[in-house]
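K.L.:
fold the following.
(4 chains)
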2 protein chains.
Amino acid sequence: MQDAFSKHPQVKQPRLVEKIRGIIPQLPKQEARVAQYMALNAKYLGFETGASIAKKAGTSEVTVGRLLRRLGYKGMAGLKQEIKIDHTAGTLDINTEQDTTEINTLMKHVLDSEIQALMSIFEQASGPGWASIIQAVCNVDTVFVSGYQSIRGVAEDFSRRLSLARDDVRFISAHDSMLGEWIGNSGGLADGHKECLVIIDVVPYAREAEVLSKLCRDQGRDLVVVSDEFCHWASDYTDMIIHAPSKSGLFLESTGAIVAALNLIVHAVAENDPQATSQRLERWQSMTRKLRVF
Amino acid sequence: MQDAFSKHPQVKQPRLVEKIRGIIPQLPKQEARVAQYMALNAKYLGFETGASIAKKAGTSEVTVGRLLRRLGYKGMAGLKQEIKIDHTAGTLDINTEQDTTEINTLMKHVLDSEIQALMSIFEQASGPGWASIIQAVCNVDTVFVSGYQSIRGVAEDFSRRLSLARDDVRFISAHDSMLGEWIGNSGGLADGHKECLVIIDVVPYAREAEVLSKLCRDQGRDLVVVSDEFCHWASDYTDMIIHAPSKSGLFLESTGAIVAALNLIVHAVAENDPQATSQRLERWQSMTRKLRVF
DNA sequence: AACGTTATGAAAGAATTATAACATTGTCAA
DNA sequence: TTGACAATGTTATAATTCTTTCATAACGTT
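P.N.:
All right, here's what the predicted structure looks like:
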């Protein structure tokens, strides 16, 4: 696995095809055939295997391997890796071309995962579901936030920051507060009063999260779940879900993507009514100044 | 939530994803994870292999195979075939170019900043100062952690996670606890007892942070500061500083890089004594199992 | 023609991946 | 608790895929 992250494409045409096209003239006959085939079928290359390409190009497996190596890939696996990256990165062509100073392999790998995770988040934040999530958080009288264990703090921070962007944000913890906030109206919302709950939960999923979700829906609140890529329970309760990839090869799962997603939500909510927001910020600053916290 | 104008291939959801989504609720935990992963990464499934999916989903290869068969495919090969068909039929648009998400300019810019910030962190984590920071956190009897305002939660999470990697980690908050932890020995450490403090602080810097830092040094503790790129005060007290870029163009500064840095620290500490760590994890798991939190 | 250089595929081997059989663990109800 | 049964991982095995080595063929150069 050669350094993947420094290779994100800037050009639309996948590098692969470019590279192949450029090199064809200098190739020996058979290899050129293979190259030609690959260029033409670049899209399907992911499904091919060295052998299958060889057969279709009418040559031997060995030749395919040789070409691959000549192109600078470490065999078929390497090529697939690159294609895959082309796909992820192709959707948002970002300039990541930096020469990063020497970083060891694990680090490289982790960094790559983190970047991928980030990209995934930004994709989701540009996707069709995003707007409804933001609306759910904006057009509501009260927003509740909850999170457990290893990301509880992140959830609390989220509620703090969201408070800077809008009114009536509360962090709740079923364990601590016994859900006093929700027992008001005999299990339902007051008329005309709209609420929503943002649950942040990662593996190992908290028993509490699912229970709370059910309760939330039963009482008529909107539900937004920010979770990791393995969360299988959320879709039973809502379709406003953000899946933040967390698998990065570290001792504990990474929470970077979740944080990024939450940051984006706060931003979007703030953007939703910029004027009100800047007023809020001002008031906040003057408050903190009086408190002399800083 | 199906908007007609979206450029997204919602309708195009391939059979595969449908099928998976439908069956997830009835699946056992691990298989559900795999299923979830597959649904989320349907686009890239073509490049994956049974083993690679297993790894990324954090389960064993066998489970993947079982799921595949449960879904009606004859193993990995069968699935790939189906994908290939879907693909050629244009259902899964693996095709890079158009029809992919359009991310607006701000987003692109923010994403770019975030990535840069990440890279900066990873560079620092490979630089010369890193080792001493890790040593400071490892070779010490007690680690204190503190953080304020908008990243207080992050700091708390860090202390929770660090607790999984080593003993005697405590979150302190001068305001809340009045520093009871530190008034023991008339302002100094007991002999032979080594302690260190990790302060996490971002702009606008908390008055408390600097005071605490001074106190910390005066009493003979090591000090690590994780802060943003503007932090001006930390270098007066220590040279173990991580600067996590936070300027990203969002309404509030981004905390992604800080979180990444903290994740890396936890990992490095865990790595420092892998055996002890895995034992700790085990004990933790059995504890949580007894508590039935999950 | 003699020679070296490059191109190529065959066969053997190494590595990876998929499947099957078995063992362990966890879960739930009596 | 205990026992039955489902879930999951382990080990072993088979199948596939990739790489290496080597012998031969093709080509051009002197």
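K.L.:
grab the most central residue of chain A for me.
P.N.:
Computing the C-alpha centroid of chain A and ranking residues by Cα atoms, centre = their mean puts residue A:121 first, at 2.6 Å.
K.L.:
so the helix or strand hosting it, near chain B or not?
P.N.:
Residue A:121 belongs to helix A:105-124 when assigned by DSSP states H and E. Yes - residues of helix A:105-124 are located near chain B by Cβ under 8 Å from any Cβ of the partner chain, namely A:107, A:110, A:111, A:114, A:115, A:118, A:119, A:122, A:123. The C-beta positions use only the backbone N, C-alpha and C, and glycine is treated the same way.
K.L.:
distance to residue A:280 for the residues you listed - can I get that in CSV?
P.N.:
As requested, these are arranged in CSV below (distance: Cβ to Cβ, whole Å):
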residue, distance to residue A:280
A:107, 40
A:110, 37
A:111, 36
A:114, 32
A:115, 33
A:118, 28
A:119, 31
A:122, 26
A:123, 30
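K.L.:
of these - the most surrounded one?
P.N.:
Sorting the residues of helix A:105-124 next to chain B by how many neighbours each has (other Cβ atoms under 10 Å in any protein chain shown) puts residue A:114 first, at 30 neighbours.
K.L.:
got a list of contacts for stretch A:154-166?
P.N.:
With contacts defined as Cβ atoms under 8 Å, 6 or more residues apart in numbering or on different chains, stretch A:154-166 is touched by A:137-138, A:143, A:145-148, A:169-171, A:198, A:200, A:255, A:258-259, A:262-263, A:265-267, A:269-270, A:277, A:280-281, A:284, B:149-154, B:156-157, B:251-252, B:255, B:259.
K.L.:
take those residues and keep only those in strands.
P.N.:
A:143, A:145, A:146, A:147, A:169, A:170, A:171, A:198, A:200 (DSSP state E).
K.L.:
for the fifth one, what are its contacts?
P.N.:
Spelled out, that is residue A:169. Taking Cβ under 8 Å, 6+ apart as the definition, contacts of residue A:169 comprise A:142, A:143, A:144, A:145, A:159, A:162, A:163.
K.L.:
next one: the second one
P.N.:
Taking Cβ under 8 Å, 6+ apart as the criterion, residue A:145 is in contact with A:155-156, A:158-159, A:162, A:169-172, A:197-200.
K.L.:
how about residue A:157: what's its closest non-neighbour residue?
P.N.:
With Cβ to Cβ, 6 or more residues apart in numbering or on different chains as the criterion, residue A:157 has its nearest non-adjacent residue at 3.6 Å, and that residue is residue B:153.
K.L.:
hmm, residue A:152 and the one you found touching each other?
P.N.:
Yes - with contact defined as Cβ atoms under 8 Å, residue B:153 and residue A:152 form a contacting pair (7.2 Å).
K.L.:
neighbour count winner among these two?
P.N.:
Neighbours per residue (other Cβ under 10 Å) separate residue B:153 from residue A:152, with residue B:153 holding more: 24 against 20.
K.L.:
quick one, what contacts the more buried one?
P.N.:
When the contact criterion is Cβ under 8 Å, 6+ apart, the partners of residue B:153 are A:152, A:153, A:154, A:155, A:156, A:157, A:158, A:160, B:147.
K.L.:
quick one: which of these sit in helices?
P.N.:
Counting by DSSP state H, the members of the contacts of residue B:153 that fall within helices are A:152, A:153, A:154, A:155, A:156, A:157, A:158, A:160.
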